[in-house]
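Participant: Need a 3D model of the sequence below.
(chains A, B, C and D)
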Protein chains: 2
Amino acid sequence: MAQKVTIATVARQAGVSRQTVSNVIHSPEIVREETRERVREAIAALGYRASQAARQMRTGRSQLIAVRIEPTRDGINGSVLDRFLHGLTEAAGVAGYRVMLYTATDAANEIATYDDLLGAYDLDAFVLTGTDHGDVRTAWLAERKVPFVTFGRSWDAPERYPWVDVDGAAGTAAATSHLVTQGHRRIAFIGWPAGSGVGDDRRAGWASTVSAIGADATELDRETPDGITQGEEVARRLLDLPTPPTALVCASDSLALGALQAVRERAAQVAVTGFDDTPVAQAIGLTSVSQPLAEAAASCVDLLAEVLDGGGSAHSGGSTHADASAHFGGPPGPPPGTPAQVLLAPALVVRRSG
Amino acid sequence: MAQKVTIATVARQAGVSRQTVSNVIHSPEIVREETRERVREAIAALGYRASQAARQMRTGRSQLIAVRIEPTRDGINGSVLDRFLHGLTEAAGVAGYRVMLYTATDAANEIATYDDLLGAYDLDAFVLTGTDHGDVRTAWLAERKVPFVTFGRSWDAPERYPWVDVDGAAGTAAATSHLVTQGHRRIAFIGWPAGSGVGDDRRAGWASTVSAIGADATELDRETPDGITQGEEVARRLLDLPTPPTALVCASDSLALGALQAVRERAAQVAVTGFDDTPVAQAIGLTSVSQPLAEAAASCVDLLAEVLDGGGSAHSGGSTHADASAHFGGPPGPPPGTPAQVLLAPALVVRRSG
DNA sequence: TTGTAGGCGTTATCAA
DNA sequence: TTGATAACGCCTACAA
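Facilitator: Residues are numbered from 1 along each chain as shown, chains lettered A, B, ... in the order given. From the prediction side, this is the model:
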């Protein structure tokens, strides 16, 4: 069992002091080239790795970010988090951070966990998913000046913090437009009860698109909790209308799957679209709105790195329209201290169902 | 911004030395009751949390375990890892550990990551998923005496390390038996090419059950890479046989889903079963074999805790038959040093498809 | 039962 | 340009 390689081991091997080794790592330019090379060779030869714990004691930074893993509620939408987590871990790694997982049963429990994680592990930041109106978690973190980013925009106007989100309205609008192109005119929407940020957003995309073609839609706007059976039930009622819709835009793949079952049951020629492009959608050929999760995760890390490392490293994004709030005609770039916010465009994946 | 609360802060507040505070935390019984209470009050009042970094420097233990998050290959099976991760995080938390995520593109890359994680973060242990014959990762870790557990048994006999697995053969056997009970006699198997531990195991459960009822099955045993279209293709060929099977047992939900599509296409009355009980199976009413993932994760933590903390805390399992290798009629329990191995029984979830 | 001393590996400060 | 020193917060000996 080889002894642990510390900075002292490297220093001895290279015939320099520990401080010089540290300098080679952190400010190579102030070390004479010859010395630098000698130290680098020693580091490589010994396979030296700085101890994060010791470093943390000096710097107060753990290079750790925490994210909650949820208990796969519905089951269908679980894979969204899964893909996001993968992207987050990858992007964080590139930026020199590691991802730590935690679970929580409710908001109070989650806040207690923050306290724990912060106190014991000195976490550098949190990534929150699925925030909603009046989220107590963001308030708690903001109050304590703990860096965080949310995947999901801030639905309460006054709360100002960095977030990354996917433009849900654009997604349902794309789905609806696609259906219009296919010749559909009576297009219904099956979504969640009004009041949730995400749900209202997705509904809005459908509503604006149908009203743009001058269709009367109030009768075709339905609300239900999420779920397969719920989607099926609501779809049945829509198909029972005197003049039933010819297409159904759904706020989730779960609802869409249920709706599709209702449609098949009646052997009706009705198009259906979902949201999230989950594996289920791929499996059954459901047209669905796909979120750029890897990109969203990378953006989260970018924003965090900006807060933590102060500026630097903009990630080369695709068709993202970043949106920094109110900045005047002055120096280029958003004014410092302004939380950056990123809204990504989703993509419609067309399959047999629509 | 409140100053950081250290053990010294608590000591001052309680009017004792730092050591006494440490004793209250680690060996409360040696501290006088009155003093102990005073210290505890101070800890609570100040919200003191021992710094993991400082503790780690002294003890060499990080209380961190690492697990790899995969890029959701197929999509359908991604949710298995998801649920496992959740269970792992929860169980680890109870045992005083935290879960750190990492990604890797291939085995070499993964081993480099081990080196990194071990060197920098001083990880206490790794949880590996999806091991197979001649896994280089387990060899690397074992060689360096790094504690680890695999979710998935050791398929190479000589490798002896703690693992947790689900009895795949028992799963397909249960599915096959169920079909027999339903009156089926010609039961085919759609599985992966021979050579993979998991695949062979699942095939074995089907094979033993059909041979038990004296059915000739060689013609009905099919091999294909995993995937929906692959399952569909193979199922079509089976249905084209002169005497087609009346039931299809599949090694995964992906294959089963494809098979189901082939069956419906022909409007055939053929039962289909899958494996993993993924959300897709729930969604489309596919009979499938469900793995006890939360329990498997808890067992992983148990085994790890045993290695790390030396014995203690057996988790109250359900119908698990633990299996400690060769131990003689001597003291109760497995001989120390023997890697414990846990094989869990899966459950068949019967739905419309079978 | 309680207190004191030292060191884990790193980096910031300052002196050489 | 390089080196010595101190300090981060904790825990384990040992001394009182």
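Participant: what's the distance between residue A:293 and residue A:155?
Facilitator: The gap separating residue A:293 from residue A:155 is 20 Å, by C-beta to C-beta, to the nearest Å. To be clear about C-beta, it is placed using only N, CA and C from the backbone, and glycine gets the same treatment.
Participant: Among the two, which residue is more densely surrounded?
Facilitator: residue A:293 (24 against 18; other C-beta atoms under 10 Å in any protein chain shown).
Participant: For chain A, which residues score under the pLDDT cut-off?
Facilitator: A:1-2, A:73-78, A:157-159, A:311-339 (pLDDT under 70).
Participant: residue in the stretch 101-250 of chain A nearest to DNA strand C?
Facilitator: residue A:122 (13.2 Å; C-beta to the nearest atom of the strand).
Participant: Name all residues that make contact with residue A:233.
Facilitator: A:224, A:258, A:262 (C-beta atoms under 8 Å, 6 or more residues apart in numbering or on different chains).
Participant: List the backbone torsions phi and psi for the residue of the stretch 251-354 of chain A found nearest DNA strand D.
Facilitator: Nearest residue of the stretch 251-354 of chain A to DNA strand D, counting by C-beta to the nearest atom of the strand: residue A:308, 19.2 Å away. Phi and psi for residue A:308, reported as degrees, to the nearest 10, are phi -80, psi -50.
Participant: and it, how many residues sit next to it?
Facilitator: Neighbours of residue A:308 using other C-beta under 10 Å come to 18.
Participant: Where does residue A:67 sit, in terms of helix or strand?
Facilitator: According to DSSP states H and E, residue A:67 maps onto strand A:64-68.
Participant: Output the contacting helices and strands for the helix or strand following that strand.
Facilitator: Using DSSP H and E, the helix or strand that follows strand A:64-68 in sequence is helix A:78-94. Judged by 3 or more C-beta pairs under 8 Å, 6 or more residues apart in numbering or on different chains; DSSP states H and E, helix A:78-94 is in contact with strand A:64-68, strand A:98-102, strand A:125-129, helix A:293-309, helix B:78-94, strand B:98-102.
Participant: tell me the angle the fourth one makes with helix A:78-94.
Facilitator: With axes from the mean of the first three to the mean of the last three C-alpha atoms, to 10 degrees as the basis, helix A:293-309 and helix A:78-94 are set at 40 degrees to each other.
Participant: What of the third one?
Facilitator: Per the same axes, to 10 degrees, the angle that strand A:125-129 makes with helix A:78-94 is 160 degrees.
Participant: May I ask you to confirm that residue A:153 is in contact with residue A:343?
Facilitator: Yes - assessed by C-beta atoms under 8 Å, residue A:153 is found in contact with residue A:343 at 7.3 Å.
Participant: Can you pick out the residue with more neighbours from these two?
Facilitator: residue A:153 (22 against 17).
Participant: hey, where'd the helices end up in the stretch 101-250 of chain A?
Facilitator: A:107-116, A:136-143, A:168-181, A:197-212, A:228-239 (DSSP state H, counting those that start in this stretch).
Participant: which of the ones you listed is buried the deepest?
Facilitator: helix A:168-181 (a mean of 22; mean count of other C-beta atoms under 10 Å in any protein chain shown).
Participant: quick revisit: any chance of the helices of the stretch 101-250 of chain A in CSV, plus distance to DNA strand C?
Facilitator: Below are the helices of the stretch 101-250 of chain A laid out as CSV (distance: least, C-beta to the nearest atom of the strand, whole Å):
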stretch, distance to DNA strand C
helix A:107-116, 22
helix A:136-143, 26
helix A:168-181, 43
helix A:197-212, 41
helix A:228-239, 52
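Participant: As JSON lines, those helices with distance to residue B:149 would be great.
Facilitator: JSON lines is the format used below for the helices of the stretch 101-250 of chain A (distance: least, C-beta to C-beta, whole Å):
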{"stretch": "helix A:107-116", "distance to residue B:149": "24"}
{"stretch": "helix A:136-143", "distance to residue B:149": "32"}
{"stretch": "helix A:168-181", "distance to residue B:149": "40"}
{"stretch": "helix A:197-212", "distance to residue B:149": "38"}
{"stretch": "helix A:228-239", "distance to residue B:149": "35"}
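Participant: Report the beta-bridge partner residues of the residue nearest in space to the middle of chain A.
Facilitator: Residue closest to the average C-alpha location in chain A (C-alpha atoms, centre = their mean): residue A:151, at 3.8 Å. Counting by DSSP bridges, residue A:151 is bridged to residue A:129, residue A:164.
Participant: Residue A:165 is in contact with that one, correct?
Facilitator: Yes - in this structure, residue A:151 is within contact of residue A:165 by C-beta under 8 Å, at 7.0 Å.
Participant: okay, and the common contacts of those two?
Facilitator: residue A:296.
Participant: distance of the closest residue to DNA strand C within the stretch 1-150 of chain A from residue A:262?
Facilitator: Using C-beta to the nearest atom of the strand, residue A:7 is the residue of the stretch 1-150 of chain A that sits closest to DNA strand C, at 2.9 Å. Counting by C-beta to C-beta, the separation of residue A:7 from residue A:262 is 67 Å.
Participant: Between those two, which is the more surrounded one?
Facilitator: Legend: neighbour count by other C-beta under 10 Å for residue A:7 and residue A:262, higher for residue A:262 (22 against 19).
Participant: show me the contacts for that one.
Facilitator: A:231-233, A:235-236, A:239.
Participant: Of all pairs in those residues, which one is the farthest apart?
Facilitator: Within the contacts of residue A:262, A:231 and A:239 form the most distant pair, 12.3 Å apart (C-beta to C-beta).
Participant: Can you tell me which residues in chain A are near DNA strand D?
Facilitator: Applying C-beta under 7 Å from any atom of the strand, one finds that chain A approaches DNA strand D through A:15-20, A:23, A:30-32, A:34-36, A:54, A:57-58.
Participant: Tell me, how many residues neighbour residue A:255?
Facilitator: Residues near residue A:255, counting by other C-beta under 10 Å: 32.
Participant: which SS state does it fall under?
Facilitator: Three-state call for residue A:255 (DSSP: H, G, I helix; E, B strand; the rest coil): helix.
Participant: Now for the nearest residue in space to it that is not next to it in sequence: which residues touch it?
Facilitator: Of all residues not flanking residue A:255 in the chain, residue A:231 sits nearest, at 3.5 Å (C-beta to C-beta, 6 or more residues apart in numbering or on different chains). By C-beta under 8 Å, 6+ apart, the residues touching residue A:231 are A:190, A:224, A:250, A:252, A:254-259, A:262.
Participant: Which residue does the stretch 151-300 of chain A have closest to chain B?
Facilitator: Nearest residue of the stretch 151-300 of chain A to chain B: residue A:279, at 3.7 Å (C-beta to the nearest C-beta).
Participant: That residue: how many residues sit nearby?
Facilitator: 29.
Participant: That one contacts residue B:280, doesn't it?
Facilitator: Yes - assessed by C-beta under 8 Å, residue A:279 is found in contact with residue B:280 at 6.2 Å.
Participant: Surely residue A:274 is in a helix?
Facilitator: No - going by three-state DSSP, the assignment for residue A:274 is strand, not a helix.
Participant: That one: how many residues sit nearby?
Facilitator: 33.
Participant: quick one: it from residue A:288, how far?
Facilitator: The value you get for residue A:274 to residue A:288, if C-beta to C-beta is used, is 4 Å.
Participant: Please enumerate the shared neighbours of these two.
Facilitator: A:253, A:256, A:281.
Participant: And those residues, which of them are buried?
Facilitator: Buried subset of those (neighbour count, 16 or more other C-beta atoms under 10 Å in any protein chain shown): A:253, A:256, A:281.
Participant: Distance check, the first one against residue B:111.
Facilitator: Applying C-beta to C-beta, the value for residue A:253 to residue B:111 is 37 Å.
Participant: go on, the last one?
Facilitator: Here the criterion is C-beta to C-beta. By it, residue A:281 lies 36 Å from residue B:111.
Participant: cool, and the second one?
Facilitator: Relative to residue B:111, residue A:256 is positioned 42 Å away (C-beta to C-beta).
Participant: Would it be right to say that residue A:353 lies in a helix?
Facilitator: No - with three-state DSSP as the criterion, residue A:353 is coil rather than part of a helix.
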